[in-house]
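Visitor: predicted model and sequence follow; I will ask about them next.
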Amino acid sequence: MTESISLLSAYSAADALKTSWDFLLKGGIFMVPLALTSFVGMTAILYKFLALSRNRVIPDGLARQVARFQDIVAADKVEPVLREFEKGESTLARLASVAVRHRGKPQRDIILAVEASAREESSRLHAGIGVLDIVITVAPLLGLLGTASGLVTIFQGLSDSADHLAIAKGIAKALNTTIFGLAIAVPCVVAHGYFTRRIEVLTARLESLLADLAHVCQRAANKN
């Protein structure tokens, strides 16, 4: 029974692969740039999932330490936290390191220094979003171009004795590139919206944590 299920699954996978390959071949030469566009889009999505993971931007443990930084300073246990900042393994660590390096200055100066570094970090957070924008625009256009090219070829061969069934099949094949282009663009649109919203949420959280840290650094300096 188990062997039969395995064989059935293998045949189903083979049929699905063959169907997909036939679909690509029917689309013509424009399927090549579309396939390349699909690869670029999926690579960008995977990259953003990894780049915007919590450990790379705002690790939970480090966020708790930043939120409790005043208590840590009061308990004279700040050195391990500072070493964590200096490692710079996350966005929060790098920006917190900038704030700590400016201890002894007015809070406004600390915030300005952090904001200057935050602009560079923001560009890192948005890296790859531009690629998705390009894929979202280019994929449907390539699909339409492929369809238009196929339709032109079909209509050029029309005559009074043309086989209308063959023409219908040809039009259906010509539409394959449009379908493929839209199939590439839709997940990229969804991913673009998700990543944009996630960057906004992470940025708001960073601003809150770093504003509190700048206030603590200034207060600590004033006490000294």
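Guide: Great, that's in hand.

Visitor: with only the CA atoms kept, save stretch 91-111 in CSV.
Guide: Output in CSV follows, covering the C-alpha atoms of stretch 91-111 (Å, rounded to 0.1, in the frame of the first residue of the first chain):
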residue,chain,number,x,y,z
THR,A,91,20.5,47.1,13.7
LEU,A,92,19.6,47.9,17.3
ALA,A,93,23.1,47.0,18.5
ARG,A,94,24.7,49.3,16.0
LEU,A,95,22.5,52.3,16.7
ALA,A,96,22.7,51.7,20.5
SER,A,97,26.5,51.7,20.2
VAL,A,98,26.3,55.2,18.6
ALA,A,99,24.1,56.5,21.4
VAL,A,100,26.5,55.1,24.1
ARG,A,101,29.6,56.5,22.4
HIS,A,102,28.0,60.0,22.7
ARG,A,103,27.4,59.7,26.4
GLY,A,104,28.3,63.0,28.1
LYS,A,105,26.6,65.1,25.4
PRO,A,106,23.2,66.8,25.5
GLN,A,107,20.3,64.5,24.6
ARG,A,108,19.7,66.5,21.4
ASP,A,109,23.3,65.8,20.2
ILE,A,110,22.9,62.1,21.0
ILE,A,111,19.6,61.9,19.1
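
Visitor: return stretch 37-52 as CSV; C-alpha atoms alone will do.
Guide: Output in CSV follows, covering the C-alpha atoms of stretch 37-52 (Å, rounded to 0.1, in the frame of the first residue of the first chain):
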residue,chain,number,x,y,z
THR,A,37,12.5,37.7,-13.6
SER,A,38,10.8,35.0,-11.5
PHE,A,39,14.2,33.9,-10.2
VAL,A,40,15.2,37.4,-9.3
GLY,A,41,11.9,38.1,-7.6
MET,A,42,12.0,34.9,-5.5
THR,A,43,15.6,35.6,-4.5
ALA,A,44,14.7,39.1,-3.4
ILE,A,45,11.8,37.8,-1.3
LEU,A,46,14.0,35.2,0.4
TYR,A,47,16.7,37.8,1.1
LYS,A,48,14.2,40.1,2.7
PHE,A,49,12.8,37.4,4.9
LEU,A,50,16.3,36.7,6.2
ALA,A,51,17.3,40.4,6.4
LEU,A,52,14.2,41.4,8.3
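
Visitor: contact partners of it?
Guide: 56, 124-125, 127-129, 131-132, 135, 138-139, 142, 180, 184, 187-188, 191, 195, 198-199, 202 (Cβ atoms under 8 Å, 6 or more residues apart in numbering). Where C-beta positions appear, they are placed from N, C-alpha and C, glycine not excepted.

Visitor: starting at the chain centroid, how far to that stretch?
Guide: 5 Å (Cα atoms, centre = their mean, to the nearest Å).

Visitor: please name every helix or strand in contact with the helix or strand hosting residue 190.
Guide: Assigned by DSSP states H and E, residue 190 falls within helix 176-223. Judged by 3 or more Cβ pairs under 8 Å, 6 or more residues apart in numbering; DSSP states H and E, helix 176-223 is in contact with helix 2-26, helix 31-51, helix 60-67, helix 69-74, helix 91-101, helix 107-125, helix 129-156.

Visitor: how about the shortest one, which residues are buried there?
Guide: Of the residues in helix 69-74, those buried under the neighbour-count criterion (16 or more other Cβ atoms under 10 Å) are 69, 72, 73.

Visitor: for those residues, give me TSV that also has pLDDT.
Guide: As requested, the buried residues of helix 69-74 are exported to TSV (pLDDT from 0 to 100):
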residue	pLDDT
69	83
72	81
73	78
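
Visitor: from these, which is closest to residue 151?
Guide: Ranked by distance to residue 151 (Cβ to Cβ), the buried residues of helix 69-74 are led by residue 69 at 65.1 Å.
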